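Chemist: Fold the following for me, if possible:
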Amino acid sequence: MISNCFISSILSGCFDEIINQMGIEMPEAEDFAYEEKLGYSCWIADRRVLVGNRQMLIEHSIPAPTEYEEKAVKKRWKEDSPAVMTELVEVLRSLEDFSCAAAEPAVLGWITEKGYHMGNVMNAFRLTVVGECKGPHMFDITELIGKEETIARVKAGIDKIGSNA
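Modeler: Purely as a prediction, here's the structure:
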């Protein structure tokens, strides 16, 4: 139940009802805040959750990583990650539309088509782009930072993490 969200709106009751009917146990939201004219933000299960407009994502920009979380590298960077990320760069480069709506199905379809493990690829991708395995929705980030910056971050991650995992 969303008892930790202090929002009273028409939709909050609908969400409570759906969640309760499905028997979903919602993790506690921490540091829940309204940001004037932007939307809401909070932390849920060690992930930053942003619900708002595009400007909110811009103001919560994700800087390019200068280092990579050691625990995440050990857990998420696999032996084949450099080769798979190199392939991913080519997939990203081939996209004419880099919006979340276009990039997400293209990348997920490529992962499925290649028979790669979805979690391994997406975690390695996130690690190269943000330096850790948490944050806003991955394709919201890539749309926000753009194609060239996304590709540059993936290539830098390949170079910096390489086969040192």
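Chemist: Please make it C-alpha for all contacts and neighbour counts, starting now.
Modeler: Will do.
Chemist: for the protein, what helix or strand is lowest in average pLDDT?
Modeler: When the helices and strands of the chain are scored by mean pLDDT, DSSP states H and E, helix 54-59 comes last with a mean of 62.
Chemist: immediately after that helix, which helix or strand?
Modeler: Using DSSP states H and E, the helix or strand that follows helix 54-59 towards the C-terminus is helix 70-76.
Chemist: Just give the nearest non-adjacent residue to Leu108, would you?
Modeler: Distances taken as C-alpha to C-alpha, 6 or more residues apart in numbering place Met118 nearest to Leu108, at 7.6 Å, with adjacent residues excluded.
Chemist: and that neighbour, what is it in contact with?
Modeler: Leu108, Ile111, Thr112 (C-alpha atoms under 8 Å, 6 or more residues apart in numbering).
Chemist: out of those, who has the most neighbours?
Modeler: Ile111 (18 neighbours; other C-alpha atoms under 10 Å).
Chemist: which non-adjacent residue is nearest that one?
Modeler: Met118 (6.4 Å).
Chemist: pLDDT score for the spatially most central residue of the chain?
Modeler: Central residue of the chain (C-alpha atoms, centre = their mean): Met138, 2.5 Å from the mean position. Here, the pLDDT recorded for Met138 equals 92.
Chemist: Which strand or helix spans the closest residue to it other than its chain neighbours?
Modeler: Leaving aside its sequence neighbours, Met138 sits nearest to Arg126 (C-alpha to C-alpha, 6+ apart; 6.7 Å). Using DSSP H and E, Arg126 sits within helix 118-130.
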